[in-house]
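**Q** Here is my input; please provide its structure:
(one chain, ligands or ions: 2)
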Amino acid sequence: MPTDEVMRPYLRVSDNKRGQSESVKEQLAELDEDASERAWQLGEPYADDGISASQYAEKVRGDFTKLLADLRAGTFGASILGLWELSRFSRQVDEWAPALRLLEAASVRVWVSDVGKMYDPADPDDRATLLTGAVRAEYESAQTSRRVKRTVRQKARAGWMHGQAPYGYRREYDPETGKLLRQVIVPDEAKVIRDIFDRLEAGHTLRSVTIDLRDAGVRSRAGRPLSEQVVRGMATRDTYAGRRRHSTRAANGRGGQVYEAAWPAIVKPEQFDAVQSILNNPARRTNRDGQGRHFLSMIAMCDRCVAPMTTSQRGGEPWHYRCHANCGIQVSEELLDRIAFDVIVGYLSRPDVYEELTRSRGGSPELERVRARLAEVRRNLVELEADLAAERITIKAAGAAERKWMAEEEQLVRQERELSTPPALAAFLNAGGDIRERLEAAPMSARRAVAREVLSPDLVGQLRVGKVTTNRWCDECRKPTCVHRVLARINWHRA
Ligand SMILES: [Zn+2]
Ligand SMILES: [Zn+2]
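**A** Numbers count the residues shown, from 1 in each chain. Ligands and ions are numbered 1, 2, ... in the order given. I've put the predicted structure just below:
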């Protein structure tokens with residue numbers, strides 16, 4: 001038996017995602033079913049597609065406005081307003097309350113399909129329920145809006161929709177909407193990346209790392225062995241430290257804002273920075289220095305000429321370090337190596353040295369201050385370029401300001417270097433365990449990196465070898481050459 005009850009549905013899909021029209025159809029189908037079960041007639045539906053009912057969606061909902069106008073004008077023509085769920089109607093309390101008053105005045109009740117309940121706006125209890133629903137809907141909507149805004153901002157900054165996922169990462173997409181969900185670590189590839197950073201930090205050369213990767217059969221995603229250039233590219237990629245550089249148009253590669261990325265880091269930021277400092281060290285670029293197979297070649301100096309010593313072998317003699325300026329000063333490689341090695345281990349094992357070096361690396365307040373100021377100065381330089389581009393500042397004024405900032409930047413970079421523990425040492429100090437054992441096990445390139453740092457004027461002193469001053473044999477060993485006699489010739493030159 002049909003009743004004279006008429007229900008007009010209000011349908012709305014807020015998400016503009018794929019399949020929205022189906023959703024409107026589904027809502028209508030469900031309300032239609034509700035109506036036929038209860039012998040109500042189904043009136044003309046109001047439908048707002050793809051427009052969120054919340055104040056955070058900056059669009060007009062045409063049919064919602066029409067619905068309110070109909071209620072006000074008495075042209076609604078039904079006794080029931082049908083909703084698929086409460087939040088479909090409105091997510092704004094200040095929109096909802098007047099609407100309820102209009103519904104009450106027109107003696108229209110509200111059917112909510114998903115809970116299967118009828119609400120009468122004239123009934124105080126029902127009214128309270130409907131208003132509470134509006135408060136909750138508005139609250140949830142505000143939460144969503146905040147989340148959406150944050151995501152949009154993050155995406156704008158991260159820019160990760162562009163390009164492919166770099167080696168070490170892959171991206172996960174929502175199978176339904178095709179939306180990018182997150183960038184996750186590919187364990188096997190991440191292992192290669194960590195290995196590259198560990199070894200560079202320990203003082204290996206790019207070249208030796210590249211060769212070892214090739215021998216280990218590591219391939220790029222394109223299936224080729226990694227070239228030295230590719231390895232360098234990986235070793236300088238901010239992405240792996242969990243950072244995203246959002247580049248503005250800045251000259252000479254400087255500048256751009258660095259954001260914390262939305263993806264997990266593969267290497268620690270401190271390690272990343274340490275490796276950058278190693279790669280930026282110009283001394284490392286010379287082949288002779290970087291690939292020496294001898295512990296102190298180009299590190300030990302001739303005391304007379306203040307020239308580096310290099311190795312050579314003549315006839316059947318053992319290896320010697322000789323003055324590169326050819327003054328004739330030479331010394332047994334084996335003995336000098338042994339002395340230098342013991343001195344380095346002894347120095348790094350001293351508790352006070354350990355404390356001093358690890359403290360300065362860990363970030364003393366002074367270092368923190370220098371780094372913060374450096375970041376500020378670099379930001380100023382970036383802003384200056386933007387101001388100049390937007391013609392908010394004259395070229396002359398910009399030039400003067402740039403000179404000032406760049407002078408300060410240079411000074412701060414120098415201070416930062418002085419306050420930071422040299423990266424080669426940091427790797428050894430932070431690895432734990434016995435320093436002698438670790439240094440002995442390290443490859444020559446790593447040992448040389450440590451020697452270069454420790455045997456510097458700032459720490460133990462530069463290792464300078466003078467001429468032989470006596471022909472007498474050593475009193476202790478009764479030998480013509482021994483560590484004692486070599487030790488007596490060394491001048492530990494300090495700054
Ligand atoms: Zn010399
Ligand atoms: Zn001796």
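**Q** Assign the closest residue to S87 other than its chain neighbours to helix, strand or coil.
**A** Leaving aside its chain neighbours, S87 sits nearest to A137 (4.1 Å; criterion: Cβ to Cβ, 6 or more residues apart in numbering). For every residue, glycine as well, the C-beta is placed using N, CA and C. Assigned state for A137: helix (three-state reduction, DSSP: H, G, I helix; E, B strand; the rest coil).
**Q** Roughly how far does A137 sit from L86?
**A** Using Cβ to Cβ, to the nearest Å, we find A137 at a distance of 7 Å from L86.
**Q** Would you agree S456 is in contact with V450?
**A** No. Contact criterion Cβ atoms under 8 Å: S456 and V450 do not qualify, at 10.8 Å.
**Q** Which of those two has more residues huddled nearby?
**A** V450 (25 against 17; other Cβ atoms under 10 Å).
**Q** what's the helix or strand for the closest residue to that one other than its chain neighbours?
**A** Leaving out its chain neighbours, the residue that sits closest to V450 by Cβ to Cβ, 6+ apart is A424, at 5.2 Å. Secondary structure assignment for A424, by DSSP states H and E: helix 423-430.
**Q** Downstream of that helix, the next helix or strand is which one?
**A** Helix 423-430 is succeeded, C-terminally, by helix 435-441 (DSSP H and E).
**Q** For that following helix, which helices and strands make contact with it?
**A** helix 333-349, helix 423-430 (3 or more Cβ pairs under 8 Å, 6 or more residues apart in numbering; DSSP states H and E).
**Q** tell me what the helix or strand containing Q183 is packed against?
**A** Counting by DSSP H and E, the element that carries Q183 is strand 180-185. Using 3+ Cβ pairs under 8 Å, 6+ apart as the contact test, the elements touching strand 180-185 are strand 169-173.
**Q** helices and strands of the protein: which one bottoms out on pLDDT?
**A** One helix or strand of the chain scores below all others by mean pLDDT, DSSP states H and E: helix 287-290, with a mean of 37.
**Q** Please say whether there is contact between the helix or strand just after that helix and ligand 1.
**A** As assigned by DSSP H and E, the chain's next helix or strand after helix 287-290 is strand 301-302. Yes. Looking at strand 301-302 against ligand 1 by Cβ under 5 Å from the ion, the contacts come from C302.
**Q** Can you report phi and psi for D120?
**A** With angles defined as degrees, to the nearest 10, D120 sits at phi -110, psi 110.
**Q** just checking, it touches D126?
**A** Yes. Contact criterion Cβ under 8 Å: D120 and D126 qualify, at 4.9 Å.
**Q** Mind listing residues that contact whichever strand or helix holds G233?
**A** Using DSSP H and E, G233 sits in helix 228-235. Contacts made with helix 228-235 from outside it, assessed by Cβ atoms under 8 Å, 6 or more residues apart in numbering, are listed as 167-168, 193, 196-197, 200, 206-207, 209-210, 213, 220, 226, 240, 275, 279.
**Q** Near ligand 1, which residues of the stretch 251-400 of the chain are found?
**A** Proximity of the stretch 251-400 of the chain to ligand 1 (Cβ under 5 Å from the ion) is limited to residues 302, 304-305, 323, 325, 327, 329.
**Q** how about the residues you listed in TSV, adding distance to T394?
**A** Compiled in TSV, these are given as follows (distance: Cβ to Cβ, whole Å):
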residue	distance to T394
C302	55
R304	57
C305	53
C323	56
A325	53
C327	58
I329	60
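**Q** Only the buried subset of those, as a PyMOL command please.
**A** The PyMOL selection below is limited to those of those classed as buried (16 or more other Cβ atoms under 10 Å):
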select buried, resi 302+305+323+329
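**Q** tell me which of the residues of the stretch 251-400 of the chain next to ligand 1 is nearest to L357?
**A** Closest to L357 out of those is C302 (28.7 Å), distances taken as Cβ to Cβ.
**Q** who are the neighbours in contact with the residue lying closest to the closest one once chain neighbours are set aside?
**A** With sequence-adjacent residues excluded and distances taken as Cβ to Cβ, 6+ apart, C302 is closest to C323, at 3.6 Å. C323 makes contact with 302, 304-305, 307, 309, 329-330, according to Cβ under 8 Å, 6+ apart.
**Q** Okay, domains of this structure per the record?
**A** 6-153, 185-280, 287-349+436-495, 351-421 (automatic domain parsing).
**Q** the strands in the stretch 301-450 of the chain, which residues?
**A** For the stretch 301-450 of the chain, the strands defined by DSSP state E, counting those that start in this stretch occupy 301-302, 307-312, 320-323, 330-332.
**Q** With mean pLDDT added, can I get those strands in CSV?
**A** Converted to CSV, the strands of the stretch 301-450 of the chain look like this (pLDDT from 0 to 100):
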stretch, mean pLDDT
strand 301-302, 96
strand 307-312, 87
strand 320-323, 91
strand 330-332, 92
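**Q** V382: which of these is closest?
**A** Closest among the strands of the stretch 301-450 of the chain, using Cβ to Cβ: strand 307-312, at 40.3 Å.
**Q** Who are the packing partners of the closest one?
**A** Using 3+ Cβ pairs under 8 Å, 6+ apart: strand 307-312 touches strand 301-302, strand 320-323.
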